[in-house]
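Novice: Task: produce atomic coordinates for the following.
(4 chains)
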Number of protein chains: 2
Amino acid sequence: MASTIRDVARQAGVSISTVSRVLNKTCAVAQDKRERVEKAAVDLGYIPNPNARSLLMKSTGGIGILLPHVSGEFFSEFLTGLDEVAKNNDFFLLISASHDRASEWQSSVQSVYKRVDGLIVMAPQLTPRQLNLVTDVPTVFVNTPVAPRDRQLVDIINFDNLGGTRAATEYLIELGHRKLAYLAGPERAFDARERRIGFVAAMDAAGLEDYTILQAGYVQEAGRAAATTLLAMEDLPTAVVVANDYCALGLASELMASGVRIPEDVSIIGFDNVPSAAFARPSLTTLSVPIREVGMQALEMLISRIRLSDESPGRTVNLPVELVVRESTSTPLAG
Amino acid sequence: MASTIRDVARQAGVSISTVSRVLNKTCAVAQDKRERVEKAAVDLGYIPNPNARSLLMKSTGGIGILLPHVSGEFFSEFLTGLDEVAKNNDFFLLISASHDRASEWQSSVQSVYKRVDGLIVMAPQLTPRQLNLVTDVPTVFVNTPVAPRDRQLVDIINFDNLGGTRAATEYLIELGHRKLAYLAGPERAFDARERRIGFVAAMDAAGLEDYTILQAGYVQEAGRAAATTLLAMEDLPTAVVVANDYCALGLASELMASGVRIPEDVSIIGFDNVPSAAFARPSLTTLSVPIREVGMQALEMLISRIRLSDESPGRTVNLPVELVVRESTSTPLAG
DNA sequence: ACGGGCCGTGAAAACGTTTTCAGGAAAATA
DNA sequence: TATTTTCCTGAAAACGTTTTCACGGCCCGT
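Specialist: All right, here's what the predicted structure looks like:
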């Protein structure tokens, strides 16, 4: 059914070598033969078989995107950034999500093997050791715990997770809050650990010891669950720093359902600045991660490395996160 | 660097045929040789080259996902559903978005050619004629204007776009609204046209002629722009049906910024029921499309067709959408 | 003891390209 | 005109697999 280069050659009355040369403009071909080949190719609707091609050449034109999962606005924005750059550079995206569980990580890596020219990996929940599996292709790690020394030719983009929650906590302390709580993300995730450390660091620096840390997660339900835990305590904290916007949104929603006013009774700060954070009422004060731009930058770094066979030592970029003050925070008892 | 089947064969002291047979369990091999091969494969970290493999066999283990774009919670949820089923069946996802502009559609199709075993296409903005480009592989169309007769072996999943907005409009009329407005989606999109027709149909059926239709879009900014247009009119409608949640959210936000109360002054209904719709204040009454489940079902249909080389005539599934009443709608002047 | 089936194995063909190699014709130089 | 260079072209090798084919040895029945 699908026509091959041989069909085109036969129809044009030339050899397959000539067809290849015409289609790839790889070297000069006589005017008349070129035209015959071009016509034949169009007539037959010929599309080169990419498998045969990449078997021979090094390049596939693909970029592998390895993510823990793909739900929510955070990843959606990330993909949007990636997609835009990919489109502009004629790359296609091979997305392998679902290694939320580390056991699936290996099969994720194998599924892109030899099918892509480079890799963008976001895997905050993996250990450097597991990450060593990645090999052979240029890679950009985003928000992933890679030691730069491990491999020389990879680039790394990280957000300032620690500095973010520290700044958020300092902001709350400055507003006058003394009794704070922290809702932590998944224990195994690298960014969740950093964010938690940022909170503790700020509290320690201010000499405040009256704080609670609750294990929560990166989803709304975790925030709701944490709310009931907090409500069961003798007295509520006046402010809560949350490791993630969705979690913060769930917390706010559940607290409000119990008659707690936000921010008058409890101030809340999230992390990520997903679009929903601006729509919620009260709108959510949060730490903005420009994840879409991160996606674009990551892919641009990767593509330039692929194109130029760039062997220069890997760069490590540390992006600041920005505190966006909205309605969910105020001085304590302000209402 | 990367080891081939020949390396494994040499190390194990057998022929490459034997290695292939051991690794694919394709037929019996002597116990001792099998063990030697397995050990050699592990030692060398051998992974078969998928390009060589799919050059020969029909299957690639890939599913192509062709989308207009990838931003927002709607697509994020869709991908989540797809990803889950793909993972469970050991398929990988090759995503080609960015054919928002029809001109890119062709290159999207070409980029997956021979790289996937099947296709899931969502392309409401394309014409049946353009869609004919898709060929050669099993395909499931989702929310896409395909005439079933065009090709026999494709499956189609559509939402009841028309019935959705009609039900929403009827609901508002029942509440007592008489002067309505409609914010339409992108003119070229098939679903946007259907949704618009649903609104008009309900108005006509109720004998109401006092309505405004504004061209908007599927993004927040379009809703904001529409708000200023509405505010410039002599008197506001008491209710607005909007073709999309994000657009509705933008509209609500901008109206409220101008002192318009929602729902007291203006009721608003969206479409899609994205997660943000529940978080917004007032929370958004909307039409729920179970897009995640749609993704799962679509891929399951596709995979069964691939696995069984299913030649049965294509099915067309029409999914109802459900009105979810929240805070953004009420009887007119209720406040 | 001898012929027929079965089992395990390696050689070789095939998949659809790109690229190297070498040869022939035409054009340029002497 | 003889010689070299340049240009264009086809044959063939290579990429890494899977699969068909054929061959030899073994077990079984007569």
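
Novice: If we ignore the residues flanking it in sequence, what's nearest the closest residue to DNA strand C within the stretch 151-300 of chain A?
Specialist: Across the stretch 151-300 of chain A, the shortest distance to DNA strand C (CB to the nearest atom of the strand) belongs to residue A:153, at 23.2 Å. C-beta here means a position set from N, CA and C on the backbone, and glycine is covered the same way. Computed as CB to CB, 6 or more residues apart in numbering or on different chains, the closest residue to residue A:153 that is not its neighbour in sequence is residue A:314, at 5.8 Å.

Novice: Any idea how many residues pack against that neighbour?
Specialist: Look at residue A:314: counted by other CB atoms under 10 Å in any protein chain shown, it has 21 neighbours.

Novice: again, but for residue A:194
Specialist: Using other CB under 10 Å, residue A:194 has 23 other residues around it.

Novice: May I have the residues that are in contact with it?
Specialist: The neighbours of residue A:194, taking CB atoms under 8 Å, 6 or more residues apart in numbering or on different chains as the test, are A:161, A:162.

Novice: What of residue A:219?
Specialist: Contact analysis of residue A:219 by CB under 8 Å, 6+ apart lists A:244, A:246, A:247, A:250.

Novice: so the closest residue to the third one other than its chain neighbours is in which element?
Specialist: Nearest non-adjacent residue to residue A:247, counting by CB to CB, 6+ apart: residue A:223, 3.9 Å away. Taking DSSP states H and E as the criterion, residue A:223 maps to helix A:220-232.

Novice: can you list contacts of the helix or strand that that helix is followed by?
Specialist: Remark: after helix A:220-232, the chain's next helix or strand is strand A:239-242, criterion DSSP H and E. Strand A:239-242 is touched from outside by A:165, A:168-169, A:172, A:175, A:177, A:179-183, A:199, A:216, A:223, A:230, A:248, A:251, A:266-271, A:329, A:332, with contacts defined as CB under 8 Å, 6+ apart.

Novice: So in that sheet, which strands flank strand A:239-242, and in what orientation?
Specialist: strand A:180-184 (parallel), strand A:267-269 (parallel) (DSSP bridges).

Novice: is it possible to export the ones you listed to CSV including mean neighbour count, distance to DNA strand C and mean pLDDT?
Specialist: Output for those, formatted as CSV (neighbours: other CB atoms under 10 Å in any protein chain shown; distance: least, CB to the nearest atom of the strand, whole Å; pLDDT from 0 to 100):
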stretch, mean neighbour count, distance to DNA strand C, mean pLDDT
strand A:180-184, 26, 52, 98
strand A:267-269, 27, 54, 98
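
Novice: okay, these in CSV with distance to DNA strand D next?
Specialist: Formatted as CSV, these follow (distance: least, CB to the nearest atom of the strand, whole Å):
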stretch, distance to DNA strand D
strand A:180-184, 44
strand A:267-269, 51
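
Novice: Filter the contacts of strand A:239-242 down to just the buried residues.
Specialist: By neighbour count, with 16 or more other CB atoms under 10 Å in any protein chain shown, the contacts of strand A:239-242 hold A:165, A:168-169, A:172, A:175, A:177, A:180-183, A:199, A:216, A:223, A:230, A:248, A:251, A:266-271, A:329, A:332 as buried.

Novice: Would you mind writing the CA trace of stretch A:47-60 as CSV?
Specialist: The C-alpha coordinates for stretch A:47-60 follow below in CSV (Å, rounded to 0.1, in the frame of the first residue of the first chain):
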residue,chain,number,x,y,z
ILE,A,47,6.7,9.6,2.5
PRO,A,48,10.1,8.2,3.5
ASN,A,49,10.0,5.5,6.1
PRO,A,50,11.4,7.1,9.2
ASN,A,51,12.5,3.8,10.7
ALA,A,52,14.7,3.0,7.8
ARG,A,53,16.1,6.5,7.9
SER,A,54,17.0,6.6,11.6
LEU,A,55,18.4,3.1,11.4
LEU,A,56,21.1,4.6,9.2
MET,A,57,21.5,8.1,10.3
LYS,A,58,21.9,9.2,13.9
SER,A,59,19.0,11.6,14.0
THR,A,60,15.3,10.8,14.5
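
Novice: any idea of the mean pLDDT in it?
Specialist: Averaged across stretch A:47-60, the pLDDT comes to 94.

Novice: repeat for stretch A:310-325
Specialist: Mean pLDDT, stretch A:310-325: 90.

Novice: Compute the distance from the centre of it to the centre of its chain.
Specialist: 13 Å (CA atoms, centre = their mean, to the nearest Å).

Novice: do the same with stretch A:159-174
Specialist: Centroid separation between stretch A:159-174 and its chain, computed with CA atoms, centre = their mean, is 21 Å.

Novice: May I see the buried residues of the lowest-mean-pLDDT helix or strand in chain A?
Specialist: When each helix and strand of chain A is scored by mean pLDDT, DSSP states H and E, helix A:128-131 comes last, with a mean of 84. Within helix A:128-131, the residues that count as buried by 16+ other CB under 10 Å are A:130, A:131.

Novice: From the rest of the structure, what touches it?
Specialist: Residues outside helix A:128-131 that contact it (CB under 8 Å, 6+ apart) are A:102, A:105, A:121, A:123, A:141, A:144, A:145, A:146, A:147, A:150.

Novice: try 6 Å
Specialist: A:145, A:146, A:147 (CB atoms under 6 Å, 6 or more residues apart in numbering or on different chains).

Novice: what do you get for stretch A:11-26?
Specialist: With CB under 6 Å, 6+ apart as the test, stretch A:11-26 has contacts from A:5, A:6, A:8, A:9, A:27, A:29, A:33, A:34, A:36, A:37, A:40.

Novice: The fourth one - how many residues pack around it?
Specialist: Read it as residue A:9. Residue A:9, neighbours per other CB under 10 Å, totals 18.

Novice: And stretch A:106-122, what's buried?
Specialist: Applying 16+ other CB under 10 Å to stretch A:106-122 flags A:108-109, A:111-122 as buried.

Novice: Widest-spaced pair of those residues?
Specialist: For the buried residues of stretch A:106-122, the maximum inter-member distance is 21.5 Å, found between A:114 and A:122 (CB to CB).

Novice: mind giving me the domain split of chain A?
Specialist: A:5-48, A:62-159+A:291-318, A:161-289 (automatic domain parsing).

Novice: Check the ones you listed for me: which has the lowest mean pLDDT.
Specialist: domain A:62-159+A:291-318 - the lowest mean pLDDT of the domains of chain A, at a mean of 89.

Novice: Any chance of the strands paired with strand A:239-242 in a markdown table with distance to residue A:74 as columns?
Specialist: A markdown table is the format used below for the strands paired with strand A:239-242 (distance: least, CB to CB, whole Å):
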| stretch | distance to residue A:74 |
| --- | --- |
| strand A:180-184 | 17 |
| strand A:267-269 | 17 |
